[in-house]
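Enquirer: below: sequence and its predicted model.
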Amino acid sequence: LIADAEQLGYVDLVARLGARNLPPGGEAMLEDMLARLPSDPRLILDLGCNTGMVSARAAAARPRATVVGIDRSPAMIDVARRRHEALNLEFAELDVEGIGDAFDGVDAALCAGSAAFFPDRVAALASLDAALAVDGVLIDAHYVYDREVPPALRQLERSSFGIESPPSEAFDCLAPYERAGPPVRSYVRRPRWRLTERPTAPIYRELLASLPGMAPLVDEMLKRRELAHELSAYRHPVLVTAGRDTPTSVDGSAPDGHGVGEALAVMQLFRGSIAPQPVARLRSLRPYEFLAYVGDPDAAPGGAGAVTRAAAMLRELGLDDSASVLDVGCFTGMSTLALARSFPNVVGIDIEPAFVRVARSVGTTLRARARFEVMDGGDTRLPPRSRDAYVLTATLGYTPQPERLLAEASRIVRPGGFLVEFLYHYPVVTAAIEDRVRRAVGPDVRVSGLSTGVRAIERAGFRLVRADRLRRASAQPRFLAGVCSATTALERERNPELSERDLAEFADLFRSYVGRVDLGEAEPLVYMCVFEKAEPERKDRRGR
Ligand SMILES: C[S@@+](CC[C@H](N)C(=O)[O-])C[C@H]1O[C@@H](n2cnc3c(N)ncnc32)[C@H](O)[C@@H]1O
């Protein structure tokens, strides 16, 4: 029997012991997962339900929903059925890759750490995507490894759990969602976590071990738990939610929120910062130079509202009033002004003196606390480890060598400090799309998926801790039409030299740059991403 216990796969061991399936991150993670369920779903799946604890909790949290726990192991399903009974709870023996054929209109799918055990995550996600309702959501708890697990420990992991932690460099948590959908909505990294037992656990364990034949199984489980404790130093629990947006009927507002009136008020601030220009000159400007001239109300993706959210997130992550924040690529200062409301010590920098002049004049008009400097974000001359946060608002797409900025960020941000960047995710990339985006945005913009952008930043020594999909990447038609006609009217007033034809051309330029590009189905998603500067690896760990 002892030999039998040692050879038992992890899944069978869990089933025989009827062990509870806590997700990575434990009870706190589970609470977070349940809190993200839609308020009144009809159908919830628990993917890889194990012995059914998470399914039962979901059934209790949403009593009006039907919850189906699915697992491909008959032993698990058997235990789950015997353990949990509720009117709205069912269990089914099914491979996740079969969900697409078996279900339809799934409002929420929970996956509490099981994805690591799926042989093909991409196929599993594709199958789920086919089963999800239009506004259905996947709530997926993982581990993400951020330091190299020593080979001996990896091997032990393989023999004990049947899976092996991926080398941290190669691991890409987000790529499978991109390859198979549904697209990521949010990413939250939680602190390192190790299971702490309830005070009663040893008593139950002793009782269980005293049953005939159970002692070797209990020992095996303890060994697995020890191993999980060792692994906890190398990984973080992460919660990813994914899903498409509910199509919205609202079309009257700009990205993430403000209306035409507010946008015009912002643009008014810019009047007089740059002298009127003939249309030939306006035509020759790079897209964002034109936007500086008109006073783009939404230069940062998602506008000032998204920057304010980034500031709130940095505060949640521990930065306070004293934090020294660098807003790199401040352009005409809108992002710096938004950051200044949370961080009085913010400095907006830009490589273009003309933009910094505009930013200073707007800042003075508004009596803002922000300071502005002409400075190259790739060569700031600031002391090493002297900054708490290096904020970019899509700036990596406006510089020919983004890696220079990332290397500089890595040098001047203190360990444990942060880097923020707004990353676009293009679901489809073709040469024609790349060309259109470059023409509308600028020559340095990278047209790629979210995970490519995340990887470039992680390679520079940062780790993703939060990603939040913004409501919309580009301006909506009605908003755009309103702002365009008002701005063209203002331009007629401030620049009487322009003919009617010039003004029509001005309006065209405005629409194509402020509205960005309309790519229909290939419309990019945009994410506010916060990264933490990795602590230098300590070399004193066991097994190194
Ligand atoms: C998308 S805009 C940023 C939007 C801006 N933060 C806002 O809220 O209005 C990108 C800016 O990055 C600036 N930039 C590009 N390369 C830079 C560098 N090496 N150092 C500093 N700024 C740079 C550009 O001049 C441009 O103003």
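Expert: Nice, thanks for sending it over. Residues are numbered from 1 along each chain as shown.

Enquirer: now for the residue of the stretch 1-150 of the chain found nearest the ligand, how many residues are close by?
Expert: Closest residue of the stretch 1-150 of the chain to the ligand, C-beta to the nearest ligand atom: Asp146 (28.1 Å). Any C-beta I mention is one placed from the backbone N, CA and C, and that applies to glycine too. Using other C-beta atoms under 10 Å, the number of residues around Asp146 comes to 19.

Enquirer: cool, Cys49 as well?
Expert: For Cys49, the neighbour count with other C-beta under 10 Å is 30.

Enquirer: roughly how far does the closest residue to it other than its chain neighbours sit from Pro41?
Expert: Counting by C-beta to C-beta, 6 or more residues apart in numbering, Gly69 is the residue found nearest to Cys49 once chain neighbours are left out, at 3.0 Å. Distance, Gly69 to Pro41, using C-beta to C-beta, to the nearest Å: 15 Å.

Enquirer: one more: Val356?
Expert: Distance, Val356 to Pro41, using C-beta to C-beta: 50 Å.

Enquirer: is it true that Leu110 touches Pro41?
Expert: No. The criterion here is C-beta atoms under 8 Å, and Leu110 misses it with Pro41 at 10.9 Å.

Enquirer: neighbour count winner among these two?
Expert: Leu110 (28 against 20).

Enquirer: in a strand, that's where that one is, yeah?
Expert: Yes. Counting by DSSP: H, G, I helix; E, B strand; the rest coil, Leu110 is part of a strand.

Enquirer: what sits against it?
Expert: Going by C-beta atoms under 8 Å, 6 or more residues apart in numbering, Leu110 touches 33, 37, 44-47, 54-55, 58, 139.

Enquirer: one more pass at 7 Å, please.
Expert: Shown in contact with Leu110 (C-beta atoms under 7 Å, 6 or more residues apart in numbering): 33, 44, 46-47, 54, 58, 139.

Enquirer: over to Met53?
Expert: Per C-beta under 7 Å, 6+ apart, neighbours of Met53: 20-21.

Enquirer: how near is it to Val122?
Expert: Distance, Met53 to Val122, by C-beta to C-beta: 27 Å.

Enquirer: one more: Ala102?
Expert: Ala102 is 19 Å from Val122, by C-beta to C-beta.

Enquirer: burial count for Arg64?
Expert: For Arg64, using other C-beta under 10 Å, the count is 8.

Enquirer: make residue 1 into 6 and carry on from there
Expert: OK, 6 is where the count begins now, so the last one is Arg69.

Enquirer: isn't there a helix covering Arg230?
Expert: Yes. Counting by three-state DSSP, Arg230 is part of a helix.

Enquirer: what sits closest to it if chain neighbours are left out?
Expert: Leaving aside its sequence neighbours, Arg230 sits nearest to Leu200 (C-beta to C-beta, 6+ apart; 6.7 Å).

Enquirer: is it correct that the one you found is in contact with Gly31?
Expert: Yes. Leu200 is within contact range of Gly31, at 6.3 Å (criterion: C-beta atoms under 7 Å).

Enquirer: neighbour count winner among those two?
Expert: For Leu200 versus Gly31, neighbours defined as other C-beta under 10 Å are more numerous around Gly31 (16 against 13).

Enquirer: which ones among the contacts of Leu115 map onto strands?
Expert: Assigned to strands by DSSP state E, the following of these qualify: 49, 51-52, 144.

Enquirer: work out for me the element the residue nearest to the spatial centre of the chain sits within.
Expert: Centroid check for the chain by C-alpha atoms, centre = their mean gives Ala472 as the closest residue, at 2.0 Å. Per DSSP states H and E: Ala472 is located in strand 467-474.

Enquirer: next secondary structure after that strand?
Expert: Elements were assigned by DSSP H and E; along the chain past strand 467-474, the next helix or strand is helix 482-499.

Enquirer: all helices for the stretch 156-305 of the chain, in order.
Expert: With DSSP state H, counting those that start in this stretch as the criterion, the stretch 156-305 of the chain has helices at 156-166, 180-185, 206-215, 220-236, 265-275, 284-289, 292-299.
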